[in-house]
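1. output the structure for:
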Amino acid sequence: MAVEMKANTMGARIIRILLERYPVTVEEITEELKLSPSGIEHELARLVSKGYISMQPLPDKTYILLLRMDFRFIGLNESQRRALKHKGKKKGGRQRRGSSTSDHMYG
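-> Sure thing, here's the model as predicted:
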């Protein structure tokens, strides 16, 4: 059975990076997500405890190994991702009374 993850979580972002390219180091994940190393390490420990990844420490780097490939990301659908339409002043529309640029306060 596929592992379901919310699409906008830090864990899902890490898993997506691992699915797109391999091998990846902890330092590369930290740089790409632009988060603190302690936050990344905490999330990696959580993913290790769930059995999704394993860590392979080497003398100079630590590599992240993906143990599963059956992830399904759930979350926002396409209609929710589209930009919202905002109400605003139409270009070339009527100006409100007294707001003409040709009116002068003194003159």
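2. this protein: strands as residue ranges?
-> Taking DSSP state E to define them, one finds strands in the chain at 3-6, 24-25, 53-57, 62-66, 71-74.
3. and residue 38, which of the ones you listed is closest to it?
-> Between residue 38 and the strands of the chain, the shortest separation by CB to CB is 14.3 Å, and it involves strand 62-66. For every residue, glycine as well, the C-beta is placed using N, CA and C.
4. elements contacting the longest helix along the chain?
-> As assigned by DSSP state H, the longest helix anywhere in the chain is helix 37-49. Contact here means 3 or more CB pairs under 8 Å, 6 or more residues apart in numbering; DSSP states H and E; on that basis helix 37-49 packs against helix 10-20, helix 26-33, strand 53-57.
5. and among the ones you listed, the most buried is which?
-> Mean neighbour counts were taken over these using mean count of other CB atoms under 10 Å, and the top value, a mean of 17, falls to helix 10-20.
6. now do it: distance to the chain's middle.
-> Here helix 10-20 is found 10 Å from its chain centre; the criterion is CA atoms, centre = their mean, to the nearest Å.
7. that helix versus strand 53-57: what angle between them?
-> 70 degrees (axes from the mean of the first three to the mean of the last three CA atoms, to 10 degrees).
8. and the angle for helix 10-20 with helix 37-49?
-> 70 degrees.
9. circling back to that earlier point, could you export the longest helix of the chain as PDB, CA atoms only?
-> What follows is helix 37-49, C-alpha atoms only, in PDB (Å, rounded to 0.1, in the frame of the first residue of the first chain):
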ATOM      1  CA  PRO A  37      20.200  22.200   9.900                       C
ATOM      2  CA  SER A  38      18.500  21.300  13.300                       C
ATOM      3  CA  GLY A  39      15.000  21.500  11.700                       C
ATOM      4  CA  ILE A  40      16.100  19.300   8.800                       C
ATOM      5  CA  GLU A  41      17.800  16.800  11.100                       C
ATOM      6  CA  HIS A  42      14.700  16.500  13.200                       C
ATOM      7  CA  GLU A  43      12.500  15.800  10.200                       C
ATOM      8  CA  LEU A  44      15.000  13.300   8.800                       C
ATOM      9  CA  ALA A  45      15.000  11.500  12.200                       C
ATOM     10  CA  ARG A  46      11.200  11.300  11.900                       C
ATOM     11  CA  LEU A  47      11.400   9.900   8.400                       C
ATOM     12  CA  VAL A  48      14.000   7.300   9.600                       C
ATOM     13  CA  SER A  49      11.700   6.200  12.500                       C
END
